[in-house]
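A.B. asks: Have a look at this prediction, sequence included:
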Amino acid sequence: MTDTERATAVDAPRASRAAVRSGTGIRKLRGGALWACGIALLVLSVAVAVTVGPARISVADVWSTVASHLGWGRSRLTPIRDGIIWNLRMPRTLLAAVCGAGLAVCGTVMQSLLRNPLADPFVLGVSSGASTGAVVVVVLGVGGGAMSISTGAFIGALCSFALVLLLSHTLGGTTDRVVLSGVAAMQLFSALTSFVVMTAADAEQTRGVLFWLLGSLSGVGWSDVWICAAVLVVTLLICLGHARTLDAFAFGQDAAATLGVHVARTRIVLLCTTALLTAALVSSAGAIGFVGLVLPHAARALSGSGHRRLLPVTALAGAVFLVWVDTLARTVLDPQEVPVGVVTALIGVPAFVLVLYRSRRIT
Amino acid sequence: MTRGATEGLRAERVSREAGGRLILDGVHLTPPPGATVGLIGPNGSGKSTLLRVLAGVLAPDAGVVTLDGRRLDEIGRRTVAQRVAVVDQHAVTQVELSVLDVVRLGRIPHRRAWSAPGRADDDAVREALDRTGLADRGEQSWHTLSGGERQRVQIARALAQQPRELLLDEPTNHLDIQHQLDLLSLITSLPLTGVIALHDLNLAAMFCDRIVVMKEGRVVAAGTPAEVITEELIADVYRVRARVTPDGPDGRPSVRFLPERP
């Protein structure tokens, strides 16, 4: 029995104080346990996911390879198997984790900030802008080969987001205007992408572009992992710094303002930060849908709605989720690969319906 | 203790325009510290806008709002929120929150970024729950509460801000009469300066120390309930006939409306 519990049992006048305290205590414990479980689950998921594939590899092999590359002892594997683990599967699995975490965090922040359970990087048009940028580079050859798909996607994402900000500002700047501007930008850039593909691409390009549009983690390298992870860490820190500010938006922007929040400033800072992270992720892995939409709802059910706990839990849940979905995507039709975005949508839609069904009493 | 002439929250010659129309037109408001001031007036007379300007959510186009003599826009949002709390007529959220979660929101202006809630936060939350009679309801979900309970929780949240000024915009709008009386007794029993926009003249007369009457963005009368609530004023401001009994309970006037002449 803890002290606070004893106080509740023995000392009636202090019961309400104990209720406030023990409430915090239980949640902290649950939060701590959730943290530990989440990290353990993520490490285990990555280790196991790396073993899955055509070449037979054990978890012990994975540990040995990772240890040798980090400078602890020598790998006992052949250079080819070592290369499969360290240069192919490891960056891919880690990027899956980073993308899952990043998209889920972006979705959480956008949903809280715009008070819209449907807000995610797609709805704000960032992903479709990135797609247009990528298609323009691949199909039209803009940049004369000096520009990579990633660069094109990044520029496209920024253009699209700038358009959304400009539109929503012109229309009055309220949260619903931001969402509507996002939907408009999404439609516009999707149409541009289709137009470019239809008019200019040959069959092979179309196939390659389609694969990228649907989201794919094939062929990623360590540089993708480092860039995305760095942006993810910075974004996560900024968002955690705004955790209590995000809580304040629960009853709307006026209520947030009366709790001392600079509404306009907060919204610009957080929307820009999450848009940059989305741009970085999409330019490496394509437009992977549904993670940003569904995972925040699932994470809220696990951790409650306070953002200090919610953001880390969302990140972990998103990471674990996408590691497994990508593993599924590259094995289910072996030797053919399914774009990971297709699998996230196939799993995400029923999950989304389930989440909405469970929360239907909330009006 | 002497009180400076500028103590508390004051509006001086405040004007605010929206869509080319003057919503507030040179409004003065100086609630005496500790008193409950009732804002009455027809729909669209500017009560809500005045409360939003007082809270610093809207900036006035002309005139100033001061807190202890300092301009609201120079103090900083967070500092204002540590002093002035607001309760709206109808709080809506889609987030799954417990009563405790909602009341804890009131501690946001007192907390720093990165910090976990501390002992002072816990104490303020507990006191707010005790004072509003919600001490044993902390774990209940917001979405299972009735309208009256939700307003009570919002007041607890406002109290957790430890304000000296409490602004309420028709807080009893969606409540039945028992809950209206409960809520207003609670609000007026608090040791705070209160400004309440109210529709019900009888409730305003019963619970407020002073009443300010607004019409078309201007203050047209101000004073004690007995001074302000008269048959002439009701006819002038609301364009309805009423019989006012000047010596109701506690010497406060009570109002009975009369049907239109046939």
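C.D. replies: Looks like it came in fine. Numbers count the residues shown, from 1 in each chain, chains lettered A, B, ... in the order given.

A.B. asks: Wondering if the helix or strand where residue A:196 lies reaches chain B at all.
C.D. replies: Element membership of residue A:196 [criterion: DSSP states H and E] is helix A:175-200. No - Helix A:175-200 does not reach chain B (CB under 8 Å from any CB of the partner chain); its nearest approach is 12.2 Å. In short, each C-beta sits where N, CA and C put it, glycine included.

A.B. asks: so what secondary structure elements neighbour that helix?
C.D. replies: For helix A:175-200, the elements it packs on are helix A:90-114, helix A:126-140, helix A:149-170, helix A:203-213, judged by 3 or more CB pairs under 8 Å, 6 or more residues apart in numbering or on different chains; DSSP states H and E.

A.B. asks: Nearest residue to the middle of the chain?
C.D. replies: Picking chain A for this. In chain A, the residue lying closest to the centroid (CA atoms, centre = their mean) is residue A:103, at 1.5 Å.

A.B. asks: should've been chain B
C.D. replies: Most central in chain B (CA atoms, centre = their mean) works out to residue B:168, at 2.2 Å.

A.B. asks: Run through the bridge partners of it.
C.D. replies: Beta-bridge pairing for residue B:168 (DSSP bridges): residue B:87, residue B:196.

A.B. asks: Surely it is in contact with residue B:193?
C.D. replies: No - using CB atoms under 8 Å, residue B:168 is not in contact with residue B:193, being 11.6 Å away.

A.B. asks: okay, now the closest residue to chain B within chain A: neighbour count?
C.D. replies: Closest to chain B within chain A is residue A:260: 3.2 Å, counting by CB to the nearest CB. Counted with other CB atoms under 10 Å in any protein chain shown, the neighbours of residue A:260 add up to 23.

A.B. asks: Same question for residue B:190.
C.D. replies: By other CB under 10 Å, 17 other residues sit near residue B:190.

A.B. asks: Which pLDDT value goes with it?
C.D. replies: Looking at residue B:190, its pLDDT reads 91.

A.B. asks: Next up, the contacts around it.
C.D. replies: Neighbour list for residue B:190: B:131, B:159, B:166 [criterion: CB atoms under 8 Å, 6 or more residues apart in numbering or on different chains].

A.B. asks: Contacts only, for the first one.
C.D. replies: When contacts are counted by CB under 8 Å, 6+ apart, residue B:131 touches B:156, B:159, B:190.

A.B. asks: Take these and write them to a markdown table, including distance to residue A:98 and secondary structure.
C.D. replies: As requested, the contacts of residue B:131 are exported to a markdown table (distance: CB to CB, whole Å; DSSP: H, G, I helix; E, B strand; the rest coil):
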| residue | distance to residue A:98 | secondary structure |
| --- | --- | --- |
| B:156 | 41 | helix |
| B:159 | 43 | helix |
| B:190 | 50 | coil |
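
A.B. asks: Pick the one among those closest to residue A:278.
C.D. replies: Residue A:278 lies nearest to residue B:156 out of the contacts of residue B:131, by CB to CB, at 38.2 Å.

A.B. asks: Residue B:133 is in contact with that closest one, correct?
C.D. replies: No - assessed by CB under 8 Å, residue B:156 is found out of contact with residue B:133, at 9.1 Å.

A.B. asks: Between the two, tell me which one has more neighbours.
C.D. replies: residue B:156 (28 against 13).

A.B. asks: wait, what's in contact with the more buried one?
C.D. replies: B:99, B:102-103, B:106, B:128-129, B:131-132, B:134.
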